[in-house]
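[1] Next come a sequence and a model predicted from it.
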Amino acid sequence: MKFFSWLLTLIVLVAALSFALHNRQDTTLSLWPFGVEVVAPLYIFAIGTLFIGILLGAVFGWAVHLRHRMELRRLRRDIAHLHEKIEDMRAAASGPQGRDMSRSLIARMRSKRRLWERRS
């Protein structure tokens, strides 16, 4: 996928360079409500418009993915917290009282599994 991205970028750059080399005549751009006229080569306006479009696309793409990045950050914190909890439970289960608790927990799980097997 990265190859196609670079290939597309190269094609756009070659097209922009070709356009710039063949359209060097001056053009007048009139900004109507402000009464301002700008005179510059045509390729400046075209490449400037392309640059502004790319910049706006990048900003909007970043804004759309912001929510997903925040959710990912929250999930990573939750996973780290759960890993700590698991390690604490393993440490507690390795002691003499923990072995008795783990045996009773296993017995309860087996009885619940038998109950579910009878229902189905």
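    That came through fine. Keep in mind that this is a model prediction, so the values were computed, not measured.
[2] from here on, contacts and neighbour counts on C-alpha atoms
    OK.
[3] check which helix or strand covers the closest residue to Val36 other than its chain neighbours.
    Residue nearest to Val36 in three dimensions, not counting chain neighbours: Ser30, with 5.9 Å by Cα to Cα, 6 or more residues apart in numbering. Using DSSP states H and E, Ser30 sits in strand 26-31.
[4] Give me the helices and strands touching the longest helix along the chain, please.
    Ranked by residue count under DSSP state H, the longest helix found in the chain is helix 42-93. Judged by 3 or more Cα pairs under 8 Å, 6 or more residues apart in numbering; DSSP states H and E, helix 42-93 is in contact with helix 2-22, helix 96-119.
[5] low pLDDT regions in this structure?
    95-105, 109-120 (pLDDT under 70).
[6] Quick test: name the residue nearest the centre of the chain.
    His65 (4.9 Å; Cα atoms, centre = their mean).
[7] State the distance from that residue to Leu55.
    To Leu55, His65 is 16 Å away according to Cα to Cα, to the nearest Å.
[8] quick one: contacts for the residue nearest to Val36?
    Val36, Glu37, Val38 (Cα atoms under 8 Å, 6 or more residues apart in numbering).
[9] Beta-bridge partners for it, please?
    Glu37 (DSSP bridges).
[10] Please report how far it lies from Ala46.
    15 Å.
[11] Same check on Leu66?
    30 Å.
[12] quick one, which of those two is more surrounded?
    Ala46 (15 against 12; other Cα atoms under 10 Å).
[13] got a list of what the more buried one touches?
    Contacts of Ala46 by Cα under 8 Å, 6+ apart: none found.
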